[in-house]
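A.B. asks: Next come a sequence and a model predicted from it.
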Amino acid sequence: MDVLYDKTRLSARQWLIDIGIAVAAFLYSWLHLVLSSNVVVMQDTAFRQLVGYLSANPTPAMVVAFALMAVPLVVRRIFPIPVTLIVFVMYVVLVQAVGDYGVSIISPAIALFSIAEKGDLKVSLISTAILIAVVLGMEAPFINAHLMWILQVQNISVLAVAMAFGIAISTYRRYIVEVRARAQADAEAREEETKRRISQERIAIAREVHDITAHSLTAVNLQATAAERLIDKDPQTAKQAIQQVRSTSKEALTQIRQLVHGLRENDEPAEMAPTSGTEALDSLITFAAQAHVDVSIDRTNYKKSEVPSYVDVVLFDIAREAMTNIIRHAHAVHAHIELGISANHAYITISDDGEGVAQEDDMH
């Protein structure tokens with residue numbers, strides 16, 4: 001049992017506190033004897049003799065006894081019941097030697113508190129009952145019966161308060177432990193619920209992406225196969241199949257972008273730069289202007305609606321890369337971008353007046 005021997009290691013702060021409590025108990029016991037026994041406190045000699053309130057100034061032996069009664073309190077957390085037993089026995093001996101009015105019960109009360117704060121209510125009540133019974137059964141020499149009764153009520157009250165305070169401290173500690181345990185359990189439950197919901201969301205997203213890509217790619221594959229077989233025999237039908245491929249792939253990309261956008265927090269706009277097409281060519285004009293290069297763009301022979309999306313994206317990537325090289329290496333002042341389409345292909349031409357050799361990039 002913890003009340004007999006508590007193996008919990010004490011911190012340096014706890015040791016210092018217990019040493020301070022032991023010193024305070026010794027000083028209080030000594031001061032209590034001095035004040036209660038000295039004629040300065042009660043100057044009426046006749047009344048003192050009537051009630052048996054005699055002078056009992058502390059002798060060196062009493063001071064040593066008070067010190068010995070306080071020293072065990074240093075280890076009260078480790079040996080609650082043994083310390084209480086030792087301190088209380090010494091208290092009873094001193095009462096018989098000095099008189100109940102002169103010996104304070106503070107040290108036994110502190111020891112009893114140490115039992116109560118361990119949290120065993122049954123042991124605390126039994127210990128308190130035993131100590132109170134001994135106090136009621138004690139007879140101090142030279143004490144008037146009425147004064148003895150008052151002192152007994154006082155000592156019993158001190159013991160009861162010490163026990164109650166210890167039980168209150170123990171109850172509060174258990175409450176804090178339970179609150180923290182419930183908080184920890186709630187946090188773990190919320191974390192598990194969050195993980196479960198995230199897992200469900202991932203599964204739902206994976207299913208949706210799978211449905212979009214599987215359906216779209218299957219349709220694209222069938223349409224592309226049909227176009228490949230019909231391109232020589234029936235070019236018009238093949239062209240319609242290719243247009244259907246472009247429409248299906250564009251719709252799939254739109255659905256995936258909407259899905260990704262829905263996952264973003266705070267309605268952040270989706271990053272479109274990696275999939276920008278020729279509609280973003282105007283941004284190259286601003287980019288080149290920062291390097292003092294004047295860029296013109298000719299889209300007269302280009303119809304974006306007739307160009308597959310992936311081809312349109314590649315055309316923009318070519319223009320962006322070419323413009324970067326012009327700015328870095330050509331030392332040009334003017335640059336020109338021309339887009340166009342013919343019956344079977346789309347093309348882009350980038351030229352400049354720099355020191356390098358003009359290049360043309362065709363996309364078939």
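C.D. replies: Looks like it came in fine.
A.B. asks: The stretch 251-364 of the chain: helices as residue ranges?
C.D. replies: Assigned by DSSP state H, counting those that start in this stretch, the stretch 251-364 of the chain shows helices spanning 282-289, 309-325.
A.B. asks: can you list these in a markdown table and add distance to residue 4, mean neighbour count and mean pLDDT?
C.D. replies: To be clear about C-beta, it is placed using only N, CA and C from the backbone, and glycine gets the same treatment. Written out in a markdown table, the entries for the helices of the stretch 251-364 of the chain read as follows (distance: least, Cβ to Cβ, whole Å; neighbours: other Cβ atoms under 10 Å; pLDDT from 0 to 100):
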| stretch | distance to residue 4 | mean neighbour count | mean pLDDT |
| --- | --- | --- | --- |
| helix 282-289 | 82 | 15 | 84 |
| helix 309-325 | 81 | 18 | 84 |
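A.B. asks: Need those helices in a markdown table (columns: distance to residue 15).
C.D. replies: Output for these, formatted as a markdown table (distance: least, Cβ to Cβ, whole Å):
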| stretch | distance to residue 15 |
| --- | --- |
| helix 282-289 | 72 |
| helix 309-325 | 72 |
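A.B. asks: looking at those, which is closest to residue 33?
C.D. replies: Of all the helices of the stretch 251-364 of the chain, helix 282-289 sits nearest to residue 33, with 95.0 Å by Cβ to Cβ.
A.B. asks: between the closest one and helix 309-325, how big is the angle?
C.D. replies: Relative orientation of helix 282-289 and helix 309-325, computed by axes from the mean of the first three to the mean of the last three Cα atoms, to 10 degrees: 10 degrees.
A.B. asks: one step back: what's the closest of the helices of the stretch 251-364 of the chain to residue 208?
C.D. replies: With Cβ to Cβ as the criterion, residue 208 lies closest to helix 309-325 of the helices of the stretch 251-364 of the chain, at 21.1 Å.
A.B. asks: Which neighbouring elements make contact with that closest one?
C.D. replies: Where contact means 3 or more Cβ pairs under 8 Å, 6 or more residues apart in numbering; DSSP states H and E, helix 309-325 is packed against helix 235-263, helix 282-289, strand 334-341, strand 346-352, strand 359-361.
A.B. asks: hmm, back to that, determine which of the helices of the stretch 251-364 of the chain approaches residue 21 most closely.
C.D. replies: Comparison of these against residue 21 by Cβ to Cβ identifies helix 282-289 as nearest, at 77.5 Å.
A.B. asks: Run through who's touching that closest one.
C.D. replies: The set of residues that contact helix 282-289 without belonging to it, under Cβ atoms under 8 Å, 6 or more residues apart in numbering, is 276, 294, 295, 297, 319, 320, 323, 326, 327, 335, 337.
A.B. asks: dump the residue contacts of the last one.
C.D. replies: Counting by Cβ under 8 Å, 6+ apart, residue 337 touches 281, 284, 295, 296, 297, 298, 319, 323, 348, 349, 350.
A.B. asks: what's the closest of these to residue 304?
C.D. replies: residue 281 (10.6 Å).
A.B. asks: Show me what the spatially closest residue to that closest one that is not a sequence neighbour bridges to in the sheet.
C.D. replies: With Cβ to Cβ, 6 or more residues apart in numbering as the measure, residue 297 is the residue that lies nearest to residue 281, at 5.5 Å, once sequence neighbours are left out. With DSSP bridges as the criterion, residue 297 is bridged to residue 337.
A.B. asks: how about residue 297, what does it touch?
C.D. replies: With contacts defined as Cβ under 8 Å, 6+ apart, the neighbours of residue 297 are 281, 282, 285, 336, 337, 338, 339.
A.B. asks: Would you state the predicted confidence (pLDDT) at it?
C.D. replies: Reading off the confidence values, residue 297 has pLDDT 92.
A.B. asks: Against residue 115, how distant is it?
C.D. replies: Using Cβ to Cβ, to the nearest Å, one gets 92 Å for the distance from residue 297 to residue 115.
A.B. asks: can I get the helices and strands packed on helix 309-325 in CSV with distance to residue 222?
C.D. replies: As requested, these are exported to CSV (distance: least, Cβ to Cβ, whole Å):
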stretch, distance to residue 222
helix 235-263, 9
helix 282-289, 37
strand 334-341, 26
strand 346-352, 24
strand 359-361, 32
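A.B. asks: Among these, which comes closest to residue 28?
C.D. replies: Evaluated over these, closeness to residue 28 peaks at helix 235-263, with 69.3 Å, by Cβ to Cβ.
A.B. asks: name the helices or strands packed onto that closest one?
C.D. replies: Applying 3+ Cβ pairs under 8 Å, 6+ apart, one finds that helix 235-263 contacts helix 145-230, helix 309-325.
A.B. asks: Just the CA trace of the shortest one, in PDB.
C.D. replies: Spelled out, it's helix 309-325. Extracted in PDB, the C-alpha atoms of helix 309-325 (Å, rounded to 0.1, in the frame of the first residue of the first chain):
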ATOM      1  CA  SER A 309      -6.200  20.900 -76.500                       C
ATOM      2  CA  TYR A 310      -3.000  19.000 -76.000                       C
ATOM      3  CA  VAL A 311      -1.600  20.500 -79.300                       C
ATOM      4  CA  ASP A 312      -2.600  24.000 -78.300                       C
ATOM      5  CA  VAL A 313      -0.800  23.500 -75.000                       C
ATOM      6  CA  VAL A 314       2.300  22.300 -76.800                       C
ATOM      7  CA  LEU A 315       2.300  25.400 -79.100                       C
ATOM      8  CA  PHE A 316       2.200  27.700 -76.000                       C
ATOM      9  CA  ASP A 317       5.000  25.800 -74.400                       C
ATOM     10  CA  ILE A 318       7.100  26.200 -77.600                       C
ATOM     11  CA  ALA A 319       6.500  29.900 -77.600                       C
ATOM     12  CA  ARG A 320       7.300  30.300 -74.000                       C
ATOM     13  CA  GLU A 321      10.600  28.400 -74.300                       C
ATOM     14  CA  ALA A 322      11.500  30.300 -77.400                       C
ATOM     15  CA  MET A 323      10.800  33.700 -75.800                       C
ATOM     16  CA  THR A 324      12.900  32.800 -72.800                       C
ATOM     17  CA  ASN A 325      15.900  31.900 -75.200                       C
END
